[in-house]
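1. sequence plus the predicted model coming up.
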Amino acid sequence: MTRPAKAIFFDMDGTILDWQTGMDETWRVACEAHVRAPEGEIDALCGAIFERRTWFWSDRERSARGRMDLDGASRTIVEHALSDLGRDQRDVAHAIAADYRARRLAGIAPYPGAIETLEAFRARGVPMALITNGNGAAQRASVDRFGLARFFECIVIEGEFGCGKPDERVFRHALRATACDPAAAWMVGDNVEADIAPAMALGLHAVWVDIEGVGLPDGGEVRPHRTVRSIAELIADRDL
């Protein structure tokens, strides 16, 4: 049974803001802009970048460092990818990485219906908090760029707060800021490990945003209370 929400907490990237659409194509465009080579070699470089991207972000410590310096993370990924192909071209790697990051930043946008959803919740008087990992300046720039601060009683940014999800301190801070008990709060996010698992461990009602509709991994222990493809699906929820 769904529990009524007296407060609702949102992740930002991948939940409110779309930062993933077109990611692979953006890498290709950046590579083509800085590497003069036949299409087959561009294919190989992109494949190496995608492999190194998985390698980089699969490690928790690297991931934590990378969130604080996305530019540096992208440079590292491309440097390793070029090295894997026998090419020691640091300048080229940095140019590709910088081009990629600029294009990705320009392409960030709210998901369809996301802003309207926040407006609807705000109009209903539901206290809300934004809980996002990442570099303080970069994430605050996204908050300002899309006018998100007006919706939230509390904004917890990893780089500003000193720790990030899945650390329970960020959730407890949001609970205090919204004067809400865990049993009456909802957490909405796209990352099972960072958003859903820690929220459920604290007793919050967890809503997983499965944008791609891929479903939960087989054998996973974490099972959210609810799964949606978009936060816009929550507008019609009678418990909110």
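-> Sure, I can see it.
2. please name the residues that touch Glu158.
-> 67-68, 132-136, 139, 164-165, 170 (CB atoms under 8 Å, 6 or more residues apart in numbering). C-beta: built from backbone N, CA, C; applies to glycine.
3. where does the closest residue to Thr132 other than its chain neighbours fall, phi/psi-wise?
-> With CB to CB, 6 or more residues apart in numbering as the criterion, Thr132 has its nearest non-adjacent residue at 3.9 Å, and that residue is Met12. With angles defined as degrees, to the nearest 10, Met12 sits at phi -100, psi -70.
4. what is the burial count for Gly215?
-> 9 (other CB atoms under 10 Å).
5. er, Ala64 I mean
-> As a burial measure, Ala64 scores 13 neighbours (other CB under 10 Å).
6. again, but for the one 4 residues further on
-> Using other CB under 10 Å, the number of residues around Met68 comes to 16.
7. next: Ala93.
-> Residues near Ala93, counting by other CB under 10 Å, number 23.
8. which of the contacts of Glu158 ranks first by neighbour count?
-> Most surrounded of the contacts of Glu158: other CB under 10 Å gives Thr132, at 29 neighbours.
9. could you pull out the buried residues of the longest helix seen in the chain?
-> With secondary structure taken from DSSP state H, the chain has its longest helix at helix 39-58. Neighbour counts over helix 39-58 (16 or more other CB atoms under 10 Å) mark 42, 45-46, 48-49, 52-53, 56 as buried.
10. one step back: and the gap between the residue nearest to Thr132 and Glu193?
-> Going from Met12 to Glu193 by CB to CB, to the nearest Å gives 16 Å.
11. who's more crowded, these two?
-> Neighbours per residue, other CB under 10 Å: of Met12 and Glu193, the larger number sits with Met12, 24 against 12.
12. and the more buried one, how far from Cys46?
-> 28 Å.
13. any idea how far the residue nearest to Glu193 when sequence neighbours are not counted lies from Asp69?
-> Sequence neighbours aside, Pro166 is the residue nearest to Glu193 in space, at 6.4 Å (criterion: CB to CB, 6+ apart). Separation of Pro166 from Asp69 (CB to CB): 20 Å.
14. same question for Tyr100.
-> 14 Å.
15. quick one: which of these two has more around it?
-> More crowded of Tyr100 and Asp69, by other CB under 10 Å: Tyr100, with 26 against 14.
16. and the pLDDT at the closest residue to the more buried one other than its chain neighbours?
-> What sits nearest to Tyr100 in space, not counting adjacent residues and going by CB to CB, 6+ apart, is Ala30, at 4.1 Å. Looking at Ala30, its pLDDT reads 98.
17. who's in contact with Ala30?
-> 96-97, 99-100, 103.
18. run the last query once more with 7 Å
-> By CB atoms under 7 Å, 6 or more residues apart in numbering, the contact list for Ala30 reads 96, 99-100, 103.
19. which SS state does Leu105 fall under?
-> helix (DSSP: H, G, I helix; E, B strand; the rest coil).
20. now Gly203
-> Per three-state DSSP, Gly203 ends up coil.
21. number of nearby residues for it?
-> The number of residues packed near Gly203 is 14, by other CB under 10 Å.
22. got a list of what it touches?
-> Gly203 neighbours (CB under 7 Å, 6+ apart): 182-183.
23. settle this for me: His80 is touching Thr54, isn't it.
-> No: look at His80 against Thr54 with CB atoms under 7 Å: they stay out of range, at 11.5 Å.
24. from Glu32, how far off is the residue lying farthest from the centre of the chain?
-> Most distant from the centre of the chain: Pro38, at 33.9 Å, with distances by CA atoms, centre = their mean. In this structure, Pro38 and Glu32 are 11 Å apart, going by CB to CB.
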